[in-house]
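Participant: take this sequence and fold it.
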Amino acid sequence: MSTSPAPGLPQGFGSATTERLPLPAREAMNAAQQAAADAIINGPRKAIFGPFVALLQSPGVMEHIGDTGAALRFKGTLPDAVRELVICVVAREVGNQFEWQTHAPLAVKAGVAQEAVTAIGEGRRPRGLPADLACATDFASELMLRNGVSDATYAEAVAQFGAPGTVELTALIGYFTMICWVMNVARTPGPAGSQASGLAGFPL
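Facilitator: This next block holds a predicted model:
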């Protein structure tokens, strides 16, 4: 007997976690929404999920955001472990369940130590990371905290990833911050059926 996947973990840490912008039925979508949905479904993502559920309210915006995300995720030059760990840092900083539950397992699969991912989930700086992961973690944390990075942090990033890689790293952080904010506002739940632990609100 088949069973439906477990519902996604609610977004938010307060008493109100009801999803504000759920996916509309196809017959309720206008022509622009249907076209945008089809473009996502026929692309590398294969389905409407996560931020694209809320972004479907604005199909033109969704199309361009989707293209940016695809470039960063599927055509980027950063190592998989760097990219996935940075996404985890962003998801923890902004408290987004969907990106955390999606990318924490992907970070481990890409070679990031589980202990490092656990530390980030608890709001701690992971210890003993390889140089590239430590640099990317510090860069992401500093950028999100200060809205910029120091000369020393910038120089370390360029030494690790080159100037193009540092720009890509910055754009990656900005992109995932944006889509996490969209989901936080929409209260988009975590992925249905996820076995990954969700985030707890601060303080732990």
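Participant: could you use CA atoms for every contact and neighbour count after this?
Facilitator: Fine.
Participant: which parts of the chain are helices?
Facilitator: For the chain, applying DSSP state H gives helices covering 31-41, 51-55, 59-74, 80-94, 97-109, 114-121, 131-146, 151-186.
Participant: buried stuff in stretch 193-204?
Facilitator: 194, 198, 199, 200 (16 or more other CA atoms under 10 Å).
Participant: OK, contacts around the last one?
Facilitator: What that stands for is residue 200. 13, 122 (CA atoms under 8 Å, 6 or more residues apart in numbering).
Participant: quick one: pLDDT of it?
Facilitator: At residue 200, the pLDDT value in this model is 95.
Participant: quickly note the distance from it to residue 123.
Facilitator: 10 Å (CA to CA, to the nearest Å).
Participant: go on, residue 37?
Facilitator: Counting by CA to CA - residue 37 and residue 123 are separated by 35 Å.
Participant: between those two, which has more neighbouring residues?
Facilitator: Neighbours were counted for residue 37 and for residue 123 using other CA atoms under 10 Å; residue 37 has more, 23 against 17.
Participant: find the nearest non-adjacent residue to the more buried one, please.
Facilitator: residue 48 (6.7 Å; CA to CA, 6 or more residues apart in numbering).
Participant: now do residue 80
Facilitator: Nearest non-adjacent residue to residue 80, counting by CA to CA, 6+ apart: residue 110, 5.9 Å away.
Participant: surely that neighbour touches residue 81?
Facilitator: Yes. At 4.9 Å, residue 110 and residue 81 qualify as touching, with contact defined as CA atoms under 8 Å.
Participant: and the two? Which one has more around it.
Facilitator: Neighbours of residue 110 and residue 81, each counted by other CA under 10 Å, are more numerous for residue 81; the result is 19 against 16.
Participant: surely the more buried one touches residue 133?
Facilitator: Yes. Between residue 81 and residue 133 a contact is recorded at 7.5 Å, counting by CA under 8 Å.
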